[in-house]
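Enquirer: make a model of this:
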Amino acid sequence: MRIGSELKSSQGTEKNREVNLELLRGINVVSAETQSGGGTKAIERLHAKGKLSARERIALLIDPGTDFVEIGLHTAHGFYEEEGGAPSAGVVTGIGTIEGRLCMIVANDATVKAGAWFPLTAKKNMRAQEIAIENRLPTIYLVDSAGVFLPMQDEIFPDKEHFGRQFRNNAVMSSMGIPQISCIMGPCVAGGAYLPIMSDEALIVEGNGSLFLAGPALVEAAIGERADIEDLGGATMHSSISGVTDRKVKDDREGIEVIRSLVSKFGPELGSKNLFDRVEPNSPTFPEDEIFDLLAHDRTRPYDTYELLARLTDNSELEEYKPDYGRTIICGYARIEGWAVGIVANNRNVVRNAKGEMQIGGVIYSDSADKAARFIMNCNQRNVPLVFLQDVTGFMVGTRAEQGGIIKDGAKMVNAVANSTVPKFTIIVGNSYGAGNYAMCGKAYDPRLIFAWPSANIAVMGGAQASKTMLTIKVAQLKKQGKTIGDEEQAEMLREIQERYDNSTHPLYAAARLWVDGIIDPRETRRIISIGIKAASNNKEVPRFNPGVLQV
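Expert: Take a look at the predicted model:
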């Protein structure tokens, strides 16, 4: 069924465009700064040593003219300021095409604290490995790291999801038959030495690459032996004496050429035949650029979600499921870049149910949750990947909703999302509040990829409600202490609370903590989903869907 209509310019659409483009410009400024890593001078110092930067290495590694879907660009944004910051957590990760094969790429950024590992570096690396495991993606490590950032060793070393987990993941990936290749292009120290050597094949760059459990200074301190870097862990020693590395290369460029050659000789690609249905792609009937005109500049205002979908689906078509029931969630089958998908989107328009009662857009009611759960089960039955478009303020509250069983119906939807076995992809379009985040496949529910638009807001509840709640608690505490708070003072306290709260709901706040894989231009949504489904085609092991116990 064709959806959408020609968009007519108005004062409202112009305001929407102005605000949404300004949000995107703000993100782009931060992105450009982050992509520069440690800055121009740091890159020049690398070049003086005959080394390339992490992003230059990746640009040479992937096929010309192909996309690199970066994972976690804004990780650690605003963190580690006392240490001078760690743009992108000092490592660049993402999905790229090498010799026609989709691969996960992990490249240490030596311009950021010599590629040292911060707590969020480990979290980001493990997210990359998680995506590689889920999608059976060959993984390439471009190693150039001084090891753990020692002042924060207690936050990165011993726990389950700390530094050592990635080596466990290396072993698990190997047992699953996922190819891993490493090229040591700089220092590789202490526990970090296990990563390249637990790969299937390890290259090392002559003169710049080094590999040892303890560097010269630590060796002398520990056992009194004096050794230089080359004898202790240089490329020639490891390639001809210890046999730890498999091949010595003269520079970064040769190392990258060898990696590309090795990838070209992998066996038949697991995903060479699509696991999921795909036809010839078609563009939406309406320009994707009009998304900026449609998305309400004020996150509390309604807008037409069908018009938004018409700018995302092939031929602007949607075969809607139960269109007259549970209308605050839109479910339906569509195609994106030719791939068959099931779409679950929050309807941001105010609607009427079958009884003629008004329902608030973006809120999940009992009938909406019931519909979505059934639709998710259908997609699993038919092996159709799911796309969640989040703009949700949560589940309906109040006496009537509680008596109507909203908790039971919400649990049914959460159950279906949690047990879904087809690939899930989540795009946070706008609000992502409370349990609505869970039901619409937030990070805790294992989406293969999760990205946010610049308009996204992620929080346990909306800023206005949360701020008033926190103010009430604060005023009550002060009254217990015998203090009287005037109206003006309360207004100032509310303003301060809301400002702090709003900062914590910004998409950069979420991206810095890897709650999302990145913040994207809405016009990139179709491309991201398409690459995600192509990657998912590598994993032929799709478990049978078992919804568990559903409270019908």
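
Enquirer: and the residue lying farthest from the centre of the chain, what pLDDT?
Expert: Distance from the C-alpha centroid of the chain, by C-alpha atoms, centre = their mean, peaks at residue 482 (47.7 Å). Confidence at residue 482, expressed as pLDDT, is 78.

Enquirer: and for the one 3 residues further on?
Expert: Confidence per residue is given as pLDDT, and for residue 485 that number is 77.

Enquirer: would it count as being in a strand?
Expert: No. Under DSSP: H, G, I helix; E, B strand; the rest coil, residue 485 sits outside any strand and is assigned coil.

Enquirer: burial count for it?
Expert: Other residues near residue 485 come to 14 when the count uses other C-beta atoms under 10 Å. Yep, even glycine has a C-beta here, placed from its N, CA and C like the rest.

Enquirer: ok, residue 64 next?
Expert: For residue 64, the count of nearby residues is 7 (other C-beta under 10 Å).

Enquirer: and it, that's in a helix?
Expert: No. Counting by three-state DSSP, residue 64 is not found in a helix; it is coil.

Enquirer: ok, now how distant is it from residue 96?
Expert: With distances taken as C-beta to C-beta, to the nearest Å, residue 64 is found 11 Å from residue 96.

Enquirer: need the contact list for the spatially closest residue to residue 75 that is not a sequence neighbour.
Expert: For residue 75, ignoring the flanking residues on the chain, the nearest one in space by C-beta to C-beta, 6 or more residues apart in numbering is residue 89 at 4.3 Å. When contacts are counted by C-beta atoms under 8 Å, 6 or more residues apart in numbering, residue 89 touches 72, 75, 76, 118, 120, 121, 123, 124.

Enquirer: for those residues, pick the one with the most neighbours.
Expert: Greatest neighbour count in the contacts of residue 89, by other C-beta under 10 Å, goes to residue 121: 29 neighbours.

Enquirer: I'd say it and residue 93 touch.
Expert: No. Residue 121 is beyond contact range of residue 93, at 10.0 Å (criterion: C-beta atoms under 8 Å).

Enquirer: hang on, residue 450 packs against residue 444?
Expert: No. Using C-beta under 8 Å, residue 450 is not in contact with residue 444, being 10.2 Å away.

Enquirer: give the residue from the two that has the larger number of neighbours.
Expert: A direct count of neighbours by other C-beta under 10 Å for residue 450 and residue 444 places residue 450 higher, at 24 against 11.

Enquirer: tell me what the top helix by length along the chain is packed against?
Expert: Assignment by DSSP state H gives helix 11-35 as the longest helix of the chain. Judged by 3 or more C-beta pairs under 8 Å, 6 or more residues apart in numbering; DSSP states H and E, helix 11-35 is in contact with helix 291-294, helix 507-512.

Enquirer: got these as a markdown table, with mean neighbour count and distance to residue 340 columns?
Expert: Putting the helices and strands packed on helix 11-35 into a markdown table (neighbours: other C-beta atoms under 10 Å; distance: least, C-beta to C-beta, whole Å) gives the following:
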| stretch | mean neighbour count | distance to residue 340 |
| --- | --- | --- |
| helix 291-294 | 24 | 22 |
| helix 507-512 | 22 | 29 |
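
Enquirer: same list (these) but as JSON lines, adding distance to residue 35.
Expert: Supplementary listing: those in JSON lines, determined by distance: least, C-beta to C-beta, whole Å:
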{"stretch": "helix 291-294", "distance to residue 35": "23"}
{"stretch": "helix 507-512", "distance to residue 35": "14"}
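
Enquirer: so which of those is nearest residue 148?
Expert: Smallest distance to residue 148 across the helices and strands packed on helix 11-35 (C-beta to C-beta): 20.4 Å, for helix 507-512.

Enquirer: coming back round to it: what's the most distant pair in the contacts of residue 89?
Expert: For these, the farthest-apart pair by C-beta to C-beta is 72 and 118; their separation is 12.6 Å.

Enquirer: next SSE after the helix or strand of the chain with the lowest mean pLDDT?
Expert: Within the chain, no helix or strand scores below helix 463-480, which has a mean of 71 by mean pLDDT, DSSP states H and E. Heading C-terminal from helix 463-480, the first helix or strand you meet, by DSSP states H and E, is helix 487-505.

Enquirer: remind me which helix or strand residue 122 belongs to.
Expert: Using DSSP H and E, the element containing residue 122 is helix 119-135.

Enquirer: buried ones in that helix?
Expert: 119-129, 131-135 (16 or more other C-beta atoms under 10 Å).

Enquirer: just stretch 527-546 next, same as before
Expert: Within stretch 527-546, the residues that count as buried by 16+ other C-beta under 10 Å are 528-539, 545.

Enquirer: quick one: stretch 78-91 to chain centroid distance?
Expert: Distance of stretch 78-91 from the chain centroid (C-alpha atoms, centre = their mean, to the nearest Å) equals 19 Å.

Enquirer: can you check stretch 437-456 too?
Expert: How far stretch 437-456 lies from its chain's middle: 8 Å, per C-alpha atoms, centre = their mean.

Enquirer: one step back: so what touches the helix or strand just after the longest helix of the chain?
Expert: Tracing the chain past helix 11-35, the next element assigned as helix or strand by DSSP H and E is helix 40-48. Helix 40-48 has contacts (C-beta under 8 Å, 6+ apart) with 36, 37, 52, 53, 110, 111, 112.

Enquirer: same question, stretch 274-290
Expert: With C-beta under 8 Å, 6+ apart as the test, stretch 274-290 has contacts from 2, 4, 6-7, 307, 310-316, 335, 337-340, 383-385, 423, 522-523, 526, 530, 533-534, 536-537, 539-540, 542.

Enquirer: buried only: go through those residues for me.
Expert: Buried members of the contacts of stretch 274-290, counted by 16+ other C-beta under 10 Å: 4, 7, 307, 310-314, 316, 335, 337, 339-340, 384-385, 423, 522, 526, 530, 533-534, 536-537, 539.

Enquirer: pLDDT score for the residue nearest to residue 134 when sequence neighbours are not counted?
Expert: Distances taken as C-beta to C-beta, 6+ apart place residue 448 nearest to residue 134, at 5.9 Å, with adjacent residues excluded. With respect to pLDDT, residue 448 has a value of 97.

Enquirer: show me what contacts residue 448?
Expert: Listed by C-beta under 8 Å, 6+ apart, the contact set of residue 448 reads 131, 134, 135, 423, 424, 425, 532, 535, 536.

Enquirer: distance to residue 245 and pLDDT for those residues - can I get that in TSV?
Expert: Below are the contacts of residue 448 laid out as TSV (distance: C-beta to C-beta, whole Å; pLDDT from 0 to 100):
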residue	distance to residue 245	pLDDT
131	27	97
134	29	95
135	28	95
423	36	96
424	39	98
425	38	98
532	34	97
535	29	94
536	33	94
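
Enquirer: for the residues you listed, which one is nearest residue 478?
Expert: Closest approach to residue 478 among the contacts of residue 448 (C-beta to C-beta): residue 424, at 45.4 Å.

Enquirer: the closest one against residue 442, yeah?
Expert: No. Assessed by C-beta under 8 Å, residue 424 is found out of contact with residue 442, at 10.5 Å.

Enquirer: what ranges do the strands span in the stretch 101-250 of the chain?
Expert: In the stretch 101-250 of the chain, the segments counted as strands under DSSP state E, counting those that start in this stretch are 101-108, 139-145, 180-189, 201-205, 210-212, 247-249.

Enquirer: make TSV from the ones you listed and add mean pLDDT and mean neighbour count to it.
Expert: Listed next are those as TSV, based on pLDDT from 0 to 100; neighbours: other C-beta atoms under 10 Å:
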stretch	mean pLDDT	mean neighbour count
strand 101-108	97	25
strand 139-145	96	27
strand 180-189	94	26
strand 201-205	96	24
strand 210-212	91	23
strand 247-249	96	20
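
Enquirer: so, low pLDDT: which residues of the protein?
Expert: For the chain, the stretches with pLDDT under 70 are 191, 269-273, 461-468, 542, 549-552.

Enquirer: which strands and helices sit next to the helix or strand encompassing residue 93?
Expert: Using DSSP H and E, residue 93 sits in strand 91-98. In terms of contacts (3+ C-beta pairs under 8 Å, 6+ apart), strand 91-98 is packed against helix 54-61, strand 68-71, strand 101-108, helix 119-135, helix 252-264.
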